[in-house]
Structures are given as structure tokens and as C-alpha cells.
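In: how would this look folded up:
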Amino acid sequence: MTRVMTAARHRWVFPDPIRLDPVFAAAAGEQGLGRFAAAVAARRGIADPQALAAFLGTAGGGLNDPHLLPDADALVARIVQAQTRAERVMVFGDFDADGLTGLAQLVLVFRRLGLDVVPYVPSRVDEGHGLSLGAVEAAAAGGVSLIVTVDTGSTSVAEVAAAGARGIDVIITDHHHLPEVLPAAVAVVNPHRADSAYPDAGLSGSGVAFTVGRLLLGDLADAEAEALALADLAAIGTVADVVPIMGENRAIARLGLAILRAAPRPGIAALLARASAGKGRIDLETISFGIAPRLNAASRVGEAMDAARLLLADTADEADTLAATLEAANATRRDLMKTAIAEARAALGLGGPVEPAFAESDRGDVPLVIAAGGPGAAASLVIGPWSPGIVGLIAGRLAEETGRPAVVGTLLGDTVRCSCRSDGRMDLADALGACSDLFLRHGGHAAAAGFELRRDQWEAFVERFLALATAWAPEDPRPPLHVDLALPAELVDYALYHDLQRLQPCGAGNPEPLVAVLGLTVARVRAAKGGHTQLVLRRGLEVIDGIAFGRADLAVDLAEGDRIDVVARLSSRVFGGVENLQLEVRDVAPCGTHPRAAAVLAHVADRAERRAAANLVPLEAAVEGGRA
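Out: Prediction:
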């Protein structure tokens, strides 16, 4: 029987060929950046010498003037008034890592300015997103005369009006999409405003808070140093909120990483210890998978104020105690997620138990899981008996697994509270806007959003959302895998790895470059612990190691001698004191099955033959006719 080699699990999306502008190519060379890495930068919008110099230059040079924020003057004037009158100020921060780190920044700034500050983090379950009436009542009872929001408030028209009726002013700092009618706040500091002159609207809520901090500390003697010392918190919020790591966000990330590696504040140091992250190994993945989940766990299955207290902790002892609390919450969150994912996947026909569970209630036997959008549908929609704190995580996992938008909700009485996730190709904010007449409230971004609606509106929403998703859906349902470079295996070396490292830090909007490494031969393949596969791959007379995380199937499907192409992230590992180049394999396909891969290999072979005959053309110039 003929063995059939594994097909690609993803839909490989190759970049369009690009011919570098000679001036830009020369500038890249002067910066010590190779042609292939320069091509990746150019495709990401860094296509002129000035942009490249800024991208590779000092981090501080990437920050914008905070005075350009909308309502900057009104903000400063009201804070000065609060100082003069010795007012009590409440900082109201959203309960996720972006809001928490932004809250911590403004609390520290206001303390530095001598203000009496009350931090407030709402309950994810009882209050939800947005400025809450509960917070307004707490402010009134506590003698607060000014509320400053962080990462929320742009749509809180009624709540701001309620605060005004109690004699409390509100300043909104936020980065979410704005409604047609803005709240009647003293200042609405949101770079998405139509009248905003701020150069970068892509800031996270924590990034906006960081910029507000720079604005308010501007007149102090050591203003720049004190403001930049908050960059660690801003970087955590920026990464956690998955905003593009380009422009000012990348500058914030670079500044923040420098602090995290050198001298993390007590609360962050305690979290890093729990995540077993050494200072020298801290990168954006450390934030994404080590710090942010622990901060978010506090509101998902515990008390969100514990995370705020941790970030504001002054001593290692206080931080260690709070970090232990967050660690326990995170462990509970992981357990809940394991069960919830299995239930959601089963209900959607994606594997697991065949039938959803049932529960006893005063309304009789009702299904715990209500699903729409099976394996062939354009979106996954499911309601389950899950904590509101984890529905966004479930949606994210489903969207990642299926490559299509996911909506996951939980039933709270007669109300359904939902979170949505996608890869951004379907703009969720726009999609929810098209369904807004069905909602009690909604908001979010292109890739992450949320809403509440009455239970009797769920079926109408499902029908409308599936229609929108169907109109968006690509012909190939496999999740896309975007390739940055397509190269014959012989050109993948340490020089390329080090060049691509110059594009760090990488994250959303500036992802880790992925290289289609073409024309490899399997020399050895074996299963590894944890459901991974280890590979030794031959390219000519040399071999290169590969590791495919979470791809246990490859240990079965691949065999010695198979000719393959892979999409991989280039990495480096040290074994026995020797540093080796390694491919972190994301997907595998039989050699040349993708038309673009076949075209590159054929072109290289043709040019190589002519090179051998004329001894004139270097192999690098053969790739896509001199184009990268």
C-alpha cells in the first residue's frame, strides 16, 4: 500500500514578491540589516529610510507628544484643580490586565502629584465592562469628587450622567471604539476620537494611561525618568490587550522590557518567580503567557482588586502573598478551562462527548450547552454554564482551532453575556454594530469584542451573525498561516536568524517572522513528550534540527526520506555548550505541493543551472528573481 504523506493543516499564505527600493535597500545595508529581513520590514510598512531608522533606533524616540491627546488641556486643568482643592480621586480601571496596569500607573502618578487616590476595579460578574453605577455610588459614599477611568468609559453615557447628578466629575481615558454621542465627561481622552490630533490611535488602554502619565508629570524636575519608569506596566497592558506591536506600542514594549529585565517592581518580580521566568529570558511571550494570565485570573475566578494591590505592592513580602493568591486563581482557571473547552467542542461537533450535559432547574431539564455553527459553518456560537470570566478564553481557543470567528456566552438569568474572538479578518466591532439593535450593550475591537442581550434575542443574533460570517468566510476553511519569506533550505542560516532578530520585539501586528523552508529531507523523526515531534532535517550535506510543538501527528505521518516543505520560526538553542539553529515547525507539506513553493524551487533550480554554467549569479539572487 502506498503511504500518503501528511497534507498541510493550514492554508499557507505567501507574501507577494517585492523588489526593494534601491535607496531603502542601501539604508538597510547601512543599518546592518540583510536583504531578506529588510523585505520583511518593508512588507510591514517600514519601507523608507526614515521609518527604518526610527524602527531600529532608540525606544524613547518612538514616543509621541502627550499634549496631542484629545482633551489634554481639560484633563490637566481638572487635575490641577483637584490638587488645589485637595480632592479625593477615584481611579476606575477595567478588570483585565490592560485596565489593571493602566490603573496602577495613574494611581502612582496621582500619588506623586499629592492627590488622595482610591483605586476601584469592578466585578467582572456583577458589574461587567464600563463605568458602573456601583462605582458611582461607592465614589459618592467615599467623598470622591472626581473619577478617572482607565481602559473603559467611552460608552458609559448613563453612568457619567449619574455621576454628574451626584456632583462627581468624570475624566475618561480609553482606547475603545466611540459611540456617536460621547459621555458628558470633563475630558474624553481617547485617540480614536474623530477630532483627535494624536499621531497613533493604536494605543492600548494602558498605553493611553502611560501617555496621560507623561503629560501630567511633565512639569516635575525628573519628569521624563519618572514617566518612563511606568513603561513596564504599560508594556504588560499593551501586550495583554493584543494591540499591534508597531509604532508607539513597540516603543513602549521595548522600554518596558528593559525595566522588566533589569529591575522589575515587587509585584511583577513575584509573578515572574511564579512563572519561573529568569530576568535574562523575559520577552513578550513571558508577558503573554506568564504575567497577563495571572493578572487576568484574579477577575475570572477571584477578586480583581488583588491584582491591582499586587501591582501597587511596595514590599516583596506583600507581593509574594498576593502572587500566591493569583497563582491559586490561575490554577483554578486552567481547570475550569479544560472542562469548558471539552464541553464547547462537543456541542459544536468538534470532538469529545457526543451529547451535551443537562441540568436540573426550576424551568425543567434544560441543556447546559446550546450551540450553533457546526464544523462546516462560518462561525462557532455556543452558550454554556461557564463563568463569565473564562468565556473570552474559550472563544479565543475555538477561534484559534477552527480559523473562524467564535462567540461564547453564559446565561445570567434571562441575559446572555458573550465574548467574541476572531483573527481580525472579520471585524467583530463592525459585525456587532450591525447587530446592535439586539443588544443591551456591546463594544470591543476588530479581533475581540463582547455584548449582552436578552435570552429571547439569541436565535435572532445567531441567524444574523452567521449570515455576516458567511459573507466574510474564505473559500479554504483551513486556518491561515502567513509566510514572511519563502526560501530554499540552503539559504536558511544563522545570518538570517540574527537578521530577523533585529525585528524584535514581536507580537500582534509585528508577529514573529515565519519562513517557508523549502526542499528539506526527513533524516529522523520521533515523538517527544507532551505531544510534540522532534525532527532532524537534511538540506544538501547539512542537517538542521526541528521541533513541532503540539504536532504529535507528524511523528506518525512522516518517515525518513520524505521530501517536505515546512513553515517555521527560526530559533536558537544551546545544547552541551554549543548553540544550534533550530526550526520551530508550525506546519508541514509534501515538497512543492503549494504552487508558490514549487515556483520558488523551480526558479532556484533554473538559476542554479545557469550559475553553474556561467559561474556568475550567487544563489541568493536566484530567489524569486532577486526579489525576496
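In: Tell me who's in contact with the residue nearest to residue 554 when sequence neighbours are not counted.
Out: Nearest non-adjacent residue to residue 554, counting by Cβ to Cβ, 6 or more residues apart in numbering: residue 533, 4.1 Å away. The C-beta positions use only the backbone N, C-alpha and C, and glycine is treated the same way. Taking Cβ atoms under 8 Å, 6 or more residues apart in numbering as the criterion, residue 533 is in contact with 525, 526, 527, 547, 548, 551, 552, 553, 554, 555, 558, 585.
In: residue boundaries of the strands in the stretch 51-200 of the chain?
Out: Secondary structure of the stretch 51-200 of the chain (DSSP state E, counting those that start in this stretch): strands at 88-93, 116-120, 146-150, 169-173, 187-189.
In: and these as CSV, adding distance to residue 333?
Out: Shown next, in CSV, are the strands of the stretch 51-200 of the chain (distance: least, Cβ to Cβ, whole Å):
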stretch, distance to residue 333
strand 88-93, 20
strand 116-120, 23
strand 146-150, 23
strand 169-173, 28
strand 187-189, 32
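In: Please work out which of the ones you listed is packed deepest.
Out: strand 146-150 (a mean of 30; mean count of other Cβ atoms under 10 Å).
In: what about dumping the CA coordinates of that strand to CSV?
Out: C-alpha atoms of strand 146-150 as CSV (Å, rounded to 0.1, in the frame of the first residue of the first chain):
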residue,chain,number,x,y,z
LEU,A,146,-13.5,63.1,40.6
ILE,A,147,-13.5,59.7,38.8
VAL,A,148,-10.8,58.9,36.2
THR,A,149,-11.5,55.8,34.1
VAL,A,150,-8.8,53.6,32.6
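In: Tell me how far the biggest helix by length in the chain lies from the chain's centre.
Out: What stands out as the longest helix in the chain, according to DSSP state H, is helix 316-347. The chain centroid and the centroid of helix 316-347 are separated by 19 Å under Cα atoms, centre = their mean, to the nearest Å.
In: And that helix, what does it pack against?
Out: Applying 3 or more Cβ pairs under 8 Å, 6 or more residues apart in numbering; DSSP states H and E, one finds that helix 316-347 makes contact with helix 266-274, helix 292-301, helix 304-311, strand 370-372, strand 380-384, helix 391-402.
In: Quickly list the domain ranges of the protein.
Out: Domain assignment of the chain by automatic domain parsing yields the ranges 11-18+483-626, 66-242, 348-472.
In: As TSV, those domains with mean pLDDT and distance to residue 322 would be great.
Out: Formatted as TSV, the domains of the chain follow (pLDDT from 0 to 100; distance: least, Cβ to Cβ, whole Å):
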stretch	mean pLDDT	distance to residue 322
domain 11-18+483-626	88	27
domain 66-242	96	12
domain 348-472	83	18
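In: out of these, deepest packed?
Out: domain 66-242 (a mean of 21).
In: mind listing what's buried in the longest helix of the chain?
Out: 318-320, 322-323, 325-327, 329-330, 332-333, 336-337, 340-341, 343-347 (16 or more other Cβ atoms under 10 Å).
In: about what we covered before: so the residue nearest to residue 554 versus residue 525, what's the distance?
Out: 7 Å (Cβ to Cβ, to the nearest Å).
In: anything in contact with each of the two?
Out: Common neighbours of residue 533 and residue 525 (Cβ under 8 Å, 6+ apart) are 554, 555, 558.
In: where exactly do the helices run in the stretch 1-150 of the chain?
Out: 22-30, 35-43, 49-56, 72-84, 97-112, 133-141 (DSSP state H, counting those that start in this stretch).
In: would you list the ones you listed in JSON lines and tack on distance to residue 263?
Out: Below are the helices of the stretch 1-150 of the chain laid out as JSON lines (distance: least, Cβ to Cβ, whole Å):
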{"stretch": "helix 22-30", "distance to residue 263": "34"}
{"stretch": "helix 35-43", "distance to residue 263": "31"}
{"stretch": "helix 49-56", "distance to residue 263": "25"}
{"stretch": "helix 72-84", "distance to residue 263": "28"}
{"stretch": "helix 97-112", "distance to residue 263": "15"}
{"stretch": "helix 133-141", "distance to residue 263": "33"}
